[in-house]
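S.K.: Below is the structure, and that's it, no one-letter string:
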């Protein structure tokens, strides 16, 4: 049975300034881990193989959380597909190969639920991977993430590496990306409603609001990552493990909840000529729940903190 990690262990969190990376850093620091290896993209460009190999050779991390990625919403994925596939493929290949070469004890690779077929049976089980066409609007990103999953799987099969892939549902939380065009749905909605409150102009949201989605707070994902680092090995994990809240809502219901959490009471307009994306996406997270992990934060509990984070960092 895997044991708890020594607080002095050298842990490399790749992407520590992002939504997921910063959440795992906060959790590790709160749990007393004192030897975290953190590098900004300016300090360590993960798309450069030589730089990554030199870092691993010098720092010798014992554990790796691969949370670094180029991410964005429907608009960004549709507009910059070459960037999304090239950057994410490079990051995965360089980090996973270097982790193998340097003898890392365990690596947790973070993916995305977009790896699954657009029309996968719901709730989506891990076995649905590569059983049908992907959602076209984020296919490039999804293909890169699938490649990372297979890298981890094959290094585990061929060499016995303890490399595990986690697939979270849609995420939100502190330190999110609130860019007006490149953000995910919850931070994008927060920004739109904030601007609507300031200008009095109702926001216009993409699609008709009918797609069903599942959302998980990044702090809950961080707890899942640490749980897997300490308690789960690759043999138990299989190829990948879903991590979701188990709760779903329509985008229209989500918009109302986000607006209410931020105090917006005005009109919400919908542009049905814009794409909806995948019609429904909820994860079957029964495997990680059987292993012993449970989410702690509901959407109603998490949204106020997300608003506070945006307001604290929004341009004045």
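M.R.: Perfect, I can see it now. Just so it is clear, the structure is predicted and the values come from calculations on it, not from any experiment.
S.K.: Would you map the helices across the stretch 101-250 of the chain?
M.R.: 139-159, 185-199, 218-231, 234-237 (DSSP state H, counting those that start in this stretch).
S.K.: Just name the most buried of those.
M.R.: Of all the helices of the stretch 101-250 of the chain, helix 218-231 has the most neighbours on average by mean count of other Cβ atoms under 10 Å, namely a mean of 22. (C-beta placed from N, C-alpha, C; glycine too.)
S.K.: Now do that one: which elements does it pack against?
M.R.: helix 19-30, strand 63-66, strand 106-110, strand 163-168, strand 170-172, strand 241-243, helix 286-291 (3 or more Cβ pairs under 8 Å, 6 or more residues apart in numbering; DSSP states H and E).
S.K.: right, so of these, which gets closest to residue 256?
M.R.: strand 170-172 (15.6 Å; Cβ to Cβ).
S.K.: Parallel or antiparallel, list what pairs with that closest one.
M.R.: Using DSSP bridges, strand 170-172 pairs in its sheet with strand 212-217 (parallel).
S.K.: How about residues contacting the partner strand?
M.R.: 113, 168-173, 185-186, 243-251, 254, 279-283, 295, 297, 299, 301-302 (Cβ atoms under 8 Å, 6 or more residues apart in numbering).
S.K.: Buried among these? Make that a ChimeraX selection.
M.R.: Command for ChimeraX that selects the buried part of the contacts of strand 212-217, burial taken from 16 or more other Cβ atoms under 10 Å:
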select :113,168,169,170,171,172,173,185,186,243,244,245,246,248,251,254,280,281,282,283,295,297,299,302
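S.K.: Stretch 301-316: which residues count as buried?
M.R.: Using 16+ other Cβ under 10 Å as the burial criterion, the residues of stretch 301-316 that qualify are 302, 303, 305, 306, 307, 309, 310.
S.K.: Which strands and helices lie in contact with the strand or helix carrying the fifth one?
M.R.: I take that to be residue 307. Residue 307 belongs to helix 299-313 when elements are defined using DSSP states H and E. Counting contacts by 3+ Cβ pairs under 8 Å, 6+ apart, helix 299-313 is packed against strand 170-172, helix 185-199, strand 212-217, helix 251-261.
S.K.: Of all these, which one is nearest residue 117?
M.R.: strand 212-217 (15.8 Å).
S.K.: and that closest one with helix 19-30, angle?
M.R.: 30 degrees (axes from the mean of the first three to the mean of the last three Cα atoms, to 10 degrees).
S.K.: Distance of residue 82 relative to residue 237?
M.R.: 32 Å (Cβ to Cβ, to the nearest Å).
S.K.: Same check on residue 180?
M.R.: Residue 180 is 37 Å from residue 237, by Cβ to Cβ.
S.K.: To residue 86, which of the helices and strands packed on helix 218-231 lies closest?
M.R.: From the helices and strands packed on helix 218-231, taking Cβ to Cβ, the stretch that ends up closest is strand 63-66, at 17.0 Å.
S.K.: Against which helices or strands is the closest one packed?
M.R.: strand 11-14, helix 81-101, strand 106-110, helix 218-231.
S.K.: nearest to residue 117, of these?
M.R.: Here helix 81-101 is closest among the helices and strands packed on strand 63-66 (Cβ to Cβ), at 17.8 Å.
S.K.: do you know how far the closest residue in space to residue 24 that isn't next to it in sequence is from residue 258?
M.R.: Using Cβ to Cβ, 6 or more residues apart in numbering and skipping residues adjacent in sequence, the residue nearest residue 24 is residue 222, 4.4 Å away. Between residue 222 and residue 258 the distance is 22 Å, computed by Cβ to Cβ.
S.K.: just residue 180 next, same as before
M.R.: Residue 180 is 15 Å from residue 258, by Cβ to Cβ.
S.K.: Quick check on those two: which one has the bigger neighbour count.
M.R.: Legend: neighbour count by other Cβ atoms under 10 Å for residue 180 and residue 258, higher for residue 258 (24 against 10).
S.K.: residues contacting the closest residue to that one other than its chain neighbours?
M.R.: Spatial nearest neighbour of residue 258, chain neighbours left out: residue 189 (4.4 Å); criterion: Cβ to Cβ, 6+ apart. Residues in contact with residue 189, defined by Cβ under 8 Å, 6+ apart, are 205, 254, 255, 258, 259.
S.K.: now those residues in CSV, with pLDDT and distance to residue 145?
M.R.: CSV is the format used below for the contacts of residue 189 (pLDDT from 0 to 100; distance: Cβ to Cβ, whole Å):
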residue, pLDDT, distance to residue 145
205, 96, 26
254, 98, 23
255, 98, 27
258, 98, 26
259, 98, 31
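S.K.: Arrange those residues in CSV, one row each, with distance to residue 272 as further columns.
M.R.: As requested, those are exported to CSV (distance: Cβ to Cβ, whole Å):
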residue, distance to residue 272
205, 10
254, 17
255, 14
258, 20
259, 19
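S.K.: ok, residue 87 - contacts?
M.R.: Residue 87 neighbours (Cβ under 8 Å, 6+ apart): 47, 69, 70, 144.
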